[in-house]
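**Q** Provided below for reference: sequence and predicted model.
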Amino acid sequence: MSYRTEKTEIGQDIVIQGWNEGVQDNPYEGIYDMRNCDAVTIPGEVSVAMSTQAMNSQAPIVGVTTTVQNILTYTFTYNGAVPLVLNTAITFSNSGGALPNGLSANTAYYILTVDNVNHLFTVSNTAGGTVATFSDYGSGTTTFSTINMGTPKFFSDTMITGINIRMYFMLDSFGRAWVLNNFAFIGQTNGNLGTWVYMSSLIAEYLTNPYQFSNSGNGMVAWNNNLFLFGEADVRVMRLKWFGLPSLSKSTNVNNWIQNWQATTNSGQTGTSKYAYISVNDSSIYFCNVNTIGGIFYDTSAIDNPNQSPFWPSVGRSKADGATANGSPTITSATMAFTNADIGSPITGTNIPANSYIITINSSTSVQIGDYTGNPVNATNSGTGITFTIPTTWTFTNNVLPLPNWDIANCIGELGSQLMIGGINNYVYPWDRVSPNFSTPIFLSEYKISRLITVNTTMYIFCGNKGRIFVTNGANATPFYKIPDYLSLTTNPYFYWTDATFNRNQIYFGFRVTDNANNTLSTMGGLWAIDVDSTTPTAPRLQNIMSYGTYAGYVSAIHVDRGAFLTPLDSTLGNDGYGLYMGWWDGVTTANGENVGNIDVGISAPYLAGQSFVDTDPVPIGQYLTEKTLSGLEYKLGQPLASGESVAIAYRTQLSGAYTDNPLDTYITGNVSGWGVPIFEKSQWVQFRVTLTSTATNPSYCRIREIRLHLT
């Protein structure tokens, strides 16, 4: 209940406060609804929340005709109905002829330069690279289409060792990997700061079957200078540490991937979770693998330079037919069978200096060696018949922990020294990472554990489809919070958890909601938040509507913005808004059947167009036989409103009715209160909607302390 009564000299006041109670499961026990508001920063107040903005602005393009405008500058012209954005990935196709000689179908190209006024563009084979060349105009009809971001599913980030630069990645619902083009790419001039760029992870497979192919995006983790993508039945890897600084061009070079690095267990069902998790206890990767937990463990003994971790998950092997030449970085082996996958691998042998790596592949029998910066180093002597060794830097296993054969691993977390595994049934399995089996499972009242989030010594368990969050100390689980059914505007809805994370004492989460017949609803999509200062949920609320401006769709993935550098060079990095990246789908399916997604980032500007509102719980002001009329209502602020800000109050006397604006007669600039006369009479119950509108210039954020109703 968010109100209390208070006797006055002339009657009785009803005081509406209790903002920190937030949105409760029972509409009569807390705030009925609260959206785009901050009820945490200043206890006892509710104010306008900081907003978000979309990071990618390229609208989807399908099959737009293009022709060569200038073969000397490799420039295309096109119908410019939809503007192009730098670094957007596109593909070309042709009918009735051939593409310009030098370009290929089923290949990702990137917008390198664009003139949206004259509808001209050039492309590159990698984002921010050099112009892609061709030698003729082609024939027939050439078209191009954008490679669109699917619904974001997983985020990951990692600090690149030795240079202390943090990189961010996202895997979408179509198995496409994306990299954040931000301040980490020092010297990048063609990129737009703060946009996500396609990484050429699965272009050929995607174009062959763009909507349902086997290697969909089922898990992602970045660790020890490598990016691991988990599909239905395989793991793909990209090196993240190259010789020299990271660049957008290197991150989007398809040759930097090892496709099908390792095989995983295939459940035979599309979309089975391969959720991957990095243990803080042993610095290893654990991943869901049907009814087992798999593991990836890197060999610390393979690190020659203490400041560098292995560049690459090397395939260990030794061959005894090596040859070196004194004073030359080139070494040869007839049977080693060198491939691009060996670039960055450490290599040892007679006449090879310590701390040497393969830096260039000349052929399958010849490579160049260098130091960890990529500078060539020379062999110390000539010789033949030398044993060259490329050590195994990583150990991969599909089964470090078996689960019951009737359950399937769905997510992983960590509580203290225990790894916690959530299954699709109603169990969480604690494991000490050493024993051959898990310890006593934690039983829950609902099936399908979707996310496990730990804050200090408490784990929050997102499970089932009734919108329930449980908490556990590792031994048993108890209810913590439930998403209110009534906000769905339907009976007995279903909630499907998408993601959750923790930042600055808040747990943030998203979900998809349907009615009982599985029709997706458009009433609750957005980023939800709960403060976890105490053992009871504080200020649960819909924290942010996404930039597309409706409550359709849902927030699909969430990640903390940790900045781009170990020691931030810019105080704004990682600090805007609530410090989050939020992937979403807006509920709209494109004409060619894609659910195109995007990513919002928090910004420090408040909501400016009345998106912030609070619906109070229904307040009793009279009785069935003695309905009453209010003599006045007023609000109290924690700080005077800034120029351009406003507080609006609307009312309804039935929960199923629409709100009616109640004009407020007076607000004196610089004052901390405003008041008005209610325009409704003789009511038993009344509910209010308080709408807060802030401003971009020196905002006060409309800090409401209380609403006071006068009864006479």
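**A** Arrived safely, thanks for sending. Numbers count the residues shown, from 1 in each chain.
**Q** tell me how far stretch 161-171 lies from the chain's centre.
**A** With C-alpha atoms, centre = their mean, to the nearest Å as the basis, stretch 161-171 stands 15 Å off its chain's centre.
**Q** likewise stretch 106-119?
**A** Counting by C-alpha atoms, centre = their mean, stretch 106-119 comes out at 27 Å from the chain centroid.
**Q** repeat for stretch 395-409
**A** Worked out by C-alpha atoms, centre = their mean, stretch 395-409 lies 26 Å from the chain centre.
**Q** what's near enough to touch residue 624?
**A** Listed by C-beta atoms under 8 Å, 6 or more residues apart in numbering, the contact set of residue 624 reads residue 684. Just so you know, the C-beta spots here come from the backbone N, C-alpha and C atoms, and that holds for glycine as well.
**Q** so for it, what's the pLDDT?
**A** The confidence metric pLDDT takes the value 83 at residue 624.
**Q** distance of it from residue 684?
**A** 6 Å (C-beta to C-beta, to the nearest Å).
**Q** now swap in residue 671 and tell me
**A** With C-beta to C-beta as the criterion, residue 671 and residue 684 are 33 Å apart.
**Q** neighbour count: the two, which is higher?
**A** For residue 671 versus residue 684, neighbours defined as other C-beta atoms under 10 Å are more numerous around residue 684 (16 against 12).
**Q** ok, that one - contacts?
**A** Counting by C-beta under 8 Å, 6+ apart, residue 684 has contacts 620-624, 627, 653.
**Q** would you list the buried entries among these?
**A** 621-622, 653 (16 or more other C-beta atoms under 10 Å).
**Q** quick one: those as a markdown table, columns for distance to residue 346 and secondary structure too.
**A** Formatted as a markdown table, the buried ones among the contacts of residue 684 follow (distance: C-beta to C-beta, whole Å; DSSP: H, G, I helix; E, B strand; the rest coil):
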| residue | distance to residue 346 | secondary structure |
| --- | --- | --- |
| 621 | 77 | coil |
| 622 | 81 | coil |
| 653 | 75 | coil |
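**Q** mind checking what helix or strand follows the lowest-mean-pLDDT helix or strand in the chain in sequence?
**A** Here the helix or strand of the chain ranked lowest by mean pLDDT, DSSP states H and E is helix 203-208, holding a mean of 41. The first helix or strand that comes after helix 203-208 along the chain, using DSSP states H and E, is strand 219-223.
**Q** quick one: the helix or strand following that following strand to strand 219-223, angle?
**A** Scanning forward in sequence from strand 219-223 by DSSP H and E, the next helix or strand is strand 226-230. Counting by axes from the mean of the first three to the mean of the last three C-alpha atoms, to 10 degrees, strand 226-230 lies at 170 degrees to strand 219-223.
**Q** any idea how far apart the tips of stretch 656-663 sit?
**A** 22 Å (C-alpha to C-alpha, to the nearest Å).
**Q** repeat for stretch 696-712
**A** So stretch 696-712: terminal residues 40 Å apart, C-alpha to C-alpha.
**Q** mean confidence score for that stretch?
**A** 91.
**Q** check stretch 147-156 too.
**A** pLDDT averaged over stretch 147-156 gives 93.
**Q** between the two ends of it, how far is it?
**A** Termini of stretch 147-156 sit 21 Å apart (C-alpha to C-alpha).
**Q** and the next helix or strand past the host helix or strand of residue 511?
**A** In the assignment (DSSP H and E), residue 511 maps to strand 506-514. Sequence-wise, the next helix or strand downstream of strand 506-514 (DSSP H and E) is strand 527-531.
**Q** name the helices or strands packed onto that following strand?
**A** strand 506-514, strand 538-544 (3 or more C-beta pairs under 8 Å, 6 or more residues apart in numbering; DSSP states H and E).
**Q** elements contacting the longest one?
**A** Helices and strands touching strand 506-514, by 3+ C-beta pairs under 8 Å, 6+ apart, are strand 449-455, strand 494-503, strand 527-531, strand 554-560, strand 580-585.
**Q** about what we covered before: can you list the buried ones among the contacts of residue 684 in JSON lines and add distance to residue 37?
**A** As requested, the buried ones among the contacts of residue 684 are exported to JSON lines (distance: C-beta to C-beta, whole Å):
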{"residue": "621", "distance to residue 37": "24"}
{"residue": "622", "distance to residue 37": "29"}
{"residue": "653", "distance to residue 37": "24"}
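**Q** closest one to residue 138 out of those, please.
**A** Among those, residue 653 lies closest to residue 138 (C-beta to C-beta), at 69.3 Å.
**Q** so who does that closest one touch?
**A** Residue 653 makes contact with 680, 683-687 under the criterion C-beta under 8 Å, 6+ apart.
**Q** try 7 Å this time
**A** Going by C-beta atoms under 7 Å, 6 or more residues apart in numbering, residue 653 touches 680, 683, 685-686.
**Q** now do residue 460
**A** Residue 460 touches 453, 469, 471, 480, 507, counting by C-beta under 7 Å, 6+ apart.
**Q** closest one to residue 151 out of the residues you listed, please.
**A** residue 453 (20.8 Å).
**Q** need the per-residue pLDDT for that closest one.
**A** Residue 453 is given a pLDDT of 97.
**Q** same deal with residue 502?
**A** 95.
**Q** give the bridge partners for it, please.
**A** Legend: beta-bridge partners of residue 502 under DSSP bridges are residue 507.
**Q** what about it, distance to residue 285?
**A** Distance from residue 502 to residue 285, by C-beta to C-beta: 20 Å.
**Q** give me the more crowded residue out of the two.
**A** Neighbour totals were compared for residue 502 and residue 285, and residue 285 leads with 25 against 17 (other C-beta under 10 Å).
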